[in-house]
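Trainee: how does the following fold in three dimensions:
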Amino acid sequence: MKILYYILAIVLFLAFSFTVFELLLHTFHSSFNQDIPNPKAHTLIWIYLLKQKYITFIDLDIFSIHEKRHLLDVKRLFEKIYTIWLIFTISSVVITIFIYFKGWIGEVFRYFLYIGVAINSIFIISSIFFLDSFKFLHKILFPYNSWIFPPDSILIEWFPISYFMEFFILFIVLNILGLFLLKRFSNI
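Mentor: Down below sits the predicted model:
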């Protein structure tokens with residue numbers, strides 16, 4: 001029965017973490033204290049990445065073809081993450097109803113907390129070695145060196161490494177806050 005609790009808790013935790021990610025993706029679009037030289041174009045990037053339904057290169061002449069290719073890769077990745085988020089969210093609703101009626105909710109949420117603490121510990125360690133983690137993740141997710149740009153690139157200017165660090169720190173903080181609130185307001 002423990003294995004089933006762990007599996008159900010993992011699905012619930014992934015739904016929660018993907019929800020935090022999607023929330024940040026739709027609300028956190030630039031580094032703190034960062035001035036965006038062309039706010040309209042910056043907004044158009046986010047519309048392209050998150051709302052445009054058809055897949056094509058972004059129609060902004062300020063980007064090189066290399067930057068446009070990378071934005072297209074990012075758009076495809078975000079669409080996959082969104083689909084995964086939907087699957088886990090729907091599954092978590094079904095699981096929550098199921099475990100509630102089975103009387104397992106306390107046990108599964110206890111395992112949810114264990115998994116959350118373990119995974120967030122890994123996130124915290126990754127944040128200490130952020131640059132290495134960032135490079136590793138990009139090597140896995142994107143075609144060979146398609147994510148490397150010269151220092152004067154508009155993408156580097158608008159999305160400096162500090163943006164990704166802040167995004168990741170906010171992601172960790174919101175995950176931990178969610179775990180704390182679950183623990184605080186439940187009987188676990």
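
Trainee: for the residue nearest to the spatial centre of the chain, give me its contacts.
Mentor: Residue closest to the average C-alpha location in the chain (C-alpha atoms, centre = their mean): residue 21, at 3.3 Å. Going by C-beta atoms under 8 Å, 6 or more residues apart in numbering, residue 21 touches 81, 85, 171. (C-beta placed from N, C-alpha, C; glycine too.)

Trainee: of the residues you listed, buried ones?
Mentor: 85, 171 (16 or more other C-beta atoms under 10 Å).

Trainee: take the contacts of residue 21 and keep only those in helices.
Mentor: Of the positions in these, 81, 85, 171 sit in helices, assigned by DSSP state H.

Trainee: reformat those residues as CSV; add pLDDT.
Mentor: Shown next, in CSV, are the ones in helices among the contacts of residue 21 (pLDDT from 0 to 100):
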residue, pLDDT
81, 94
85, 96
171, 96
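
Trainee: which of those lies closest to residue 154?
Mentor: Closest approach to residue 154 among the ones in helices among the contacts of residue 21 (C-beta to C-beta): residue 81, at 23.6 Å.

Trainee: hmm, the closest one is touching residue 17, no?
Mentor: No: with contact defined as C-beta atoms under 8 Å, residue 81 does not count as touching residue 17 (10.9 Å).
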